[in-house]
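Trainee: Below are the sequence and a predicted model; questions follow.
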Amino acid sequence: MGEIEAGSEFRDVAEQMSAQARVFLSTTTQVASGAAPGAELSLLILATSDLLAAGARLAAIVDVVPAERWEPDAGPETDVDPLRDALAKMFDGFDDYVEVSDPALSADVAPATLSGDLACVAEEIAKGLQHFDDGHELEGLWWWQFSYLSSWGERASSALRVLQGVLAHLRLDVEDDVAAEAEYDALHS
């Protein structure tokens, strides 16, 4: 029940999504634990980008409709508060940002947090993974697709933009005298 048949058009998408969900959860957890000093932003950019690519495949397929019109209980919700708190501490000074709430419909801005975005994504994909791992593969795929379109796709996209922006500032924002010296060195070498 809920298993995707071999050869089904959904099999490859579900397996790819499962793999990317695991990588994202593992990477985000490792980064939040402090296990990758100096590489945090780059690792999160890679994991989030790869997850969004898997999400784009979900959006490109027809709507997934489980055989049963009810969602089986996947067990307790994943507690993402420790992840959110650890990321908020790591992102101290740039966790809060503002974004356009719905760029297709208005120019209204709303507050957001990078830690909250990544925790939201983790929670949503973990729920799909619970279904998938419990043998309810079609429900897992349905959940990933539904939640990609309704929440985690947007949150991951916002997080990716902030992560990339912060990394760009760290790499490109230099003091004028350092920039002038580098320019001089480049012209005279």
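Mentor: On my side now, so go ahead. Because the structure is predicted, anything quoted here is derived from the model rather than measured. Residues are numbered from 1 along each chain as shown.

Trainee: What is the burial count for A60?
Mentor: 8 (other CB atoms under 10 Å). To be clear about C-beta, it is placed using only N, CA and C from the backbone, and glycine gets the same treatment.

Trainee: Then the one 5 residues further on?
Mentor: When counting by other CB under 10 Å, one arrives at 10 neighbours for V65.

Trainee: Now do the end-to-end distance for stretch 92-106.
Mentor: 30 Å (CA to CA, to the nearest Å).

Trainee: likewise stretch 31-49?
Mentor: 16 Å.

Trainee: Compute the distance from the centre of it to the centre of its chain.
Mentor: 12 Å (CA atoms, centre = their mean, to the nearest Å).

Trainee: Below-threshold pLDDT in this protein: ranges please.
Mentor: In the predicted model, the chain carries pLDDT under 70 at residues 1-8, 67-75, 174, 176, 178-180, 182-184, 189.

Trainee: That one: strands as residue ranges?
Mentor: 96-100, 109-113 (DSSP state E).

Trainee: Would you format the ones you listed as CSV with distance to L129 and mean neighbour count included?
Mentor: Shown next, in CSV, are those (distance: least, CB to CB, whole Å; neighbours: other CB atoms under 10 Å):
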stretch, distance to L129, mean neighbour count
strand 96-100, 27, 14
strand 109-113, 23, 14
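
Trainee: Minimum distance to D85: which of those strands has it?
Mentor: With CB to CB as the criterion, D85 lies closest to strand 109-113 of the strands of the chain, at 11.3 Å.

Trainee: what residues does the closest one touch?
Mentor: 88, 91, 95-101, 158 (CB atoms under 8 Å, 6 or more residues apart in numbering).

Trainee: And for stretch 80-88?
Mentor: Contacts for stretch 80-88 (CB under 8 Å, 6+ apart): 28-29, 31-33, 95, 113-116, 118-120, 122-123, 126.

Trainee: What subset of those is buried?
Mentor: For these, a burial check counting by 16 or more other CB atoms under 10 Å picks out 28, 31-32, 95, 113-116, 118-120, 122-123, 126.

Trainee: And the furthest pair within those residues?
Mentor: Farthest pair in the buried ones among the contacts of stretch 80-88, by CB to CB: D95 and A126, 21.2 Å.

Trainee: What helices and strands are in contact with the helix ranked longest in the chain?
Mentor: In the chain, assigned by DSSP state H, the helix with the most residues is helix 9-32. If contacts are counted by 3 or more CB pairs under 8 Å, 6 or more residues apart in numbering; DSSP states H and E, helix 9-32 sits against helix 40-60, helix 81-90, helix 114-133, helix 137-147.

Trainee: looking at these, which is closest to L105?
Mentor: helix 40-60 (18.7 Å).

Trainee: Residues touching that closest one, excluding its own?
Mentor: In contact with helix 40-60 (CB under 8 Å, 6+ apart) are residues 13, 16-17, 20-21, 23-24, 27-28, 30-31, 36, 90, 118, 121, 125, 141, 144-145, 148-149, 152-153, 156-157, 159-160, 163-164, 166-167, 170.
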